Every structure is written in C-alpha cells, then in structure tokens.
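Asker: I would like to see how this sequence folds:
(one chain, ligands or ions: 1)
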Amino acid sequence: MALLDGKSLAAELEASLKNEVERLSIRPGLAVIMAGDDAASKIYVGRKEQACQRVGFYSEMVYLPADISQEALLEQVQVLNQRSDIHGILVQLPLPAQIDVTQVLEAVAPEKDVDGFHPINAGHLFNGTPHLVPCTALGVMHLLKSQQIPMLGKQALVIGRSNIVGKPMALLLLQEHATVTIAHSRTPNLAELCLQADIIVAAVGKAKLVTAEMVKPGAVVIDVGMNRSEGKLCGDVDFESVAPKASWITPVPGGVGPMTISCLLLNTLQAACQSLALSGTRG
Ligand code: NAD
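Answerer: Residues are numbered from 1 along each chain as shown. Below is the predicted model of the structure:
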C-alpha cells in the first residue's frame, strides 16, 4: 500500500502557483460569500482565506446575515461580478433555508465561477471541453495523475452522485477513458460493484461505508468523505482495514481535502489569466 499524500501535493501546487503569481501583471482575486454562521462553513472559509494569503492572492470574505433576502444576496453577487479586481467568486454552501441556491449559483458570472457549479461550466465538462471544473473532483484527478495511476480502460466506481463531487468526478474519469460506474443511495449491490473496481472514489458522507471485504486487492481507493466519528475526522473508507489491500489510498485528513483548496486557487489563477487573455501562454 502507498499513500496518496494530498497534503504534500497541495504544498507543491501552492509553491508553483506562488511562483506564477509573482510573474503575473495582476494579482488574482477571490471573493467568498458566506451567509449565516454555520460553524463548519466558517472553518472552510477561513482555510480558503489563509490559502489565498499563502500564494499571494487578494481575497475578500463577504459575511452576510443568516436572514439575508434572496434579492440582497443576488445583489452582492452582481457587485462582485462587475469588479475587475475579483476574478473568482465562491458561494459557500450550505446557504440559509430561505435562499434559492440554484438561482444564486446561476447568478455567478461563468468566467468567475471558480467552483465550477454554473450550468455553463457543468455543460462544458459534460461535453468533454472542461473550463472551470469543480475543485474536489479536479483535486482527485491531480492526485491520480501525480503518481501516473493508469485510468485508461480501468473500471472506476464513483460512490455518490452529487453535482458537487460525484457527477463531475465521473465525467473526469470518463474523459481519461476509464469505464465509469456511478453508485448512489438507491444502488442495491454496492459491495459487488466495489469488488469489480480498479479505482474507487467514495463521496458519500457515511463514515467507514467502504470496508476491506468490498475492495479488490490492488485497487486504488480515493476517500472524499468528511465525517465526524467519535470526535475525530474520518472518511467514507475504513482506512485501517482497507489500506493493506489497496495499491494506493488517500488518508483523511491529508488526502483530498487539501487538494480541494489548492484546486480552488488553481481555478482562480485560471480565471485571472483568462481575464487577461493570458491563458494560452501559461503552458
Ligand atoms: P451529498 O450529500 O450531496 O451526496 C451524497 C451522495 O451519496 C448522494 O449522491 C447519495 O445518493 C449517495 N449515498 C448516500 N448513501 C449512500 C449509500 N449508502 N451508498 C451509496 N451511495 C450513497 O454529499 P456531497 O456534497 O457529494 O459530499 C459527499 C462527502 O464528501 C461528504 O462527506 C462531504 O463532506 C465530503 N466532501 C469533501 C470534500 C473535500 O474537500 N474532501 C469536498 C466536498 C465534499
């Protein structure tokens, strides 16, 4: 078993981003909108802000009250859409219950949609011409590619079908010519599908859902899940029992999580370069 170390890879990526930013004529700018005071969201937003500081991006956190109206939230998005110093806009989810999330995500200018959730960006990914790609799925691809893990012709199983992780993950694996299966909450034979998979990506939100009996010897196991169990952060994979069977496995924490943040930075840089019409010269 070898560890797919997201923490180290994210640090490498950040170092190269920092270099690139120093050579740019503009400072990439990321705005994060957060409404309400969800404790976990606050932690995630703080991590994004710190990451921006580490690589020399400008960052702006827009904290809005939990009782904000749909109109006022949309107005904030429009203001950021118009600003030339902001290249990426991220709306931290979840939003308060009174807010129509789809409408807010669709209000973000597609060229600033660094989360890749706008239907235009989802459509580009669907068509096999990705522009801004959801950060977690992109991070997983970077992890796989960093170790030249073969995907072509491999059986890949994505567990979870959310727009945020599962679906974009499946599309990216398909683009690398894997044979992709998507399992979800109504899939009756998860264990059987897992046993056939060369690559398993678990993105469910259920602690230790994937156990050793479900994993084929030598499989690559990517754990996107973030769950609290007995006060500790753990993934969707029972790491202790699965690790000895896997050829590669991501730990939680220190696997996919750090890669999600560095891919957010990567997307922001891409958006900034596009705004300068520089993207073609980045190599
Ligand atoms: P979600 O709740 O939107 O989707 C969960 C998916 O799991 C659904 O498609 C559902 O059908 C499927 N599912 C539920 N029970 C199942 C079961 N028993 N068997 C098979 N499939 C089942 O969640 P999400 O936003 O896609 O996130 C999934 C997990 O990934 C969560 O733990 C979340 O915290 C984590 N996450 C981590 C990162 C990161 O950076 N590491 C980023 C985003 C999400």
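Asker: how many residues are close by H124?
Answerer: By the criterion of other Cβ atoms under 10 Å, H124 has 17 neighbours. C-beta here means a position set from N, CA and C on the backbone, and glycine is covered the same way.
Asker: typo on my end, D115
Answerer: Residues near D115, counting by other Cβ under 10 Å: 23.
Asker: if I pick the closest residue to G153 other than its chain neighbours, what's in contact with it?
Answerer: Distances taken as Cβ to Cβ, 6 or more residues apart in numbering place H177 nearest to G153, at 6.4 Å, with adjacent residues excluded. H177 sits next to 151-153 when contact means Cβ atoms under 8 Å, 6 or more residues apart in numbering.
Asker: kindly report the same for V32.
Answerer: 45, 48-49, 59-62, 90-92.
Asker: and this protein, which residues reach the ligand?
Answerer: By Cβ under 6 Å from any ligand atom, the residues of the chain that approach the ligand are 136, 159-162, 164-166, 183-185, 187, 190, 203-206, 224-227, 256-257, 260.
Asker: re earlier: ok, the residue nearest to G153 to the ligand distance?
Answerer: For H177, the distance to the ligand equals 24 Å [Cβ to the nearest ligand atom, to the nearest Å].
Asker: doesn't that residue belong to a strand?
Answerer: No - applying DSSP: H, G, I helix; E, B strand; the rest coil, one finds H177 to be coil, outside a strand.
Asker: can you add secondary structure and give the contacts of H177 back as a markdown table?
Answerer: Output for the contacts of H177, formatted as a markdown table (three-state DSSP):
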| residue | secondary structure |
| --- | --- |
| M151 | coil |
| L152 | coil |
| G153 | coil |
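Asker: of those residues, which is the most crowded?
Answerer: M151 (22 neighbours).
Asker: show me what the helix ranked longest in the chain packs onto, helices and strands only.
Answerer: Secondary structure of the chain per DSSP state H: the longest helix is helix 256-275. With contacts taken as 3 or more Cβ pairs under 8 Å, 6 or more residues apart in numbering; DSSP states H and E, helix 256-275 sits against helix 6-23, strand 29-35, helix 39-55, strand 88-91, helix 135-146.
Asker: can you list the buried residues in it?
Answerer: Neighbour counts over helix 256-275 (16 or more other Cβ atoms under 10 Å) mark 256-275 as buried.
Asker: list the residues that contact the residue nearest to M214 when sequence neighbours are not counted.
Answerer: Among residues not flanking M214 along the chain, C194 sits closest, at 4.0 Å (Cβ to Cβ, 6+ apart). The contact partners of C194, taken as Cβ under 8 Å, 6+ apart, are 157, 159, 200, 210, 214-216.
Asker: of those residues, which belong to strands?
Answerer: The strands, defined by DSSP state E, take in 157, 159, 200 from those.
Asker: mind giving me a markdown table with the residues you listed and columns for distance to L30?
Answerer: Putting those into a markdown table (distance: Cβ to Cβ, whole Å) gives the following:
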| residue | distance to L30 |
| --- | --- |
| L157 | 33 |
| I159 | 30 |
| I200 | 32 |
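Asker: what's the closest of these to the ligand?
Answerer: I159 (5.0 Å; Cβ to the nearest ligand atom).
Asker: what about that closest one, distance to C194?
Answerer: I159 sits at a distance of 8 Å from C194 (criterion: Cβ to Cβ, to the nearest Å).
Asker: who touches both of these two?
Answerer: Going by Cβ under 8 Å, 6+ apart, residues that sit against I159 and also against C194 are 200, 210.
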